[in-house]
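[1] here's a sequence, model it:
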Amino acid sequence: MKITIDQDKCIASGQCVAAASDVFDQRDEDGIAFLVNEDPPEDEADDVRHAAAVCPALAILVED
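    The predicted model follows:
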């Protein structure tokens, strides 16, 4: 699974962190999302896909 965040699109809503906090986090200074785990285990794949789906800016791309 390859996860990409377009930080220019991110609006710092935090939905990705709420959906998959073991994979995503937000920068303290501006709230922009970043990956804390670029290669999550397969049992977190559904959470990662859910995070991409609920991102209001559609800033997360997940490729299998």
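[2] all the strands of the protein, residue numbers only.
    Ranges of strands in the chain, per DSSP state E, are 2-5, 24-26, 33-35, 60-63.
[3] pretty sure Pro56 contacts Cys10?
    No: look at Pro56 against Cys10 with Cβ atoms under 8 Å: they stay out of range, at 9.7 Å. C-beta coordinates here come from the backbone N, C-alpha and C atoms, glycine included.
[4] show me what contacts the closest residue to Ile3 other than its chain neighbours?
    Counting by Cβ to Cβ, 6 or more residues apart in numbering, Ile3 lies nearest to Val62, which is 5.6 Å off, once chain neighbours are set aside. The contact partners of Val62, taken as Cβ atoms under 8 Å, 6 or more residues apart in numbering, are Met1, Lys2, Ile3, Thr4, Val48, Arg49, Ala52.
[5] separation between Val62 and Arg49?
    To Arg49, Val62 is 6 Å away according to Cβ to Cβ, to the nearest Å.
[6] can you check Gln15 too?
    Look at Gln15 and Arg49: by Cβ to Cβ, they are 13 Å apart.
[7] so which of those two has more stuff around it?
    Neighbours were counted for Gln15 and for Arg49 using other Cβ atoms under 10 Å; Gln15 has more, 20 against 17.
[8] model confidence for the more buried one, exactly?
    Looking at Gln15, its pLDDT reads 98.
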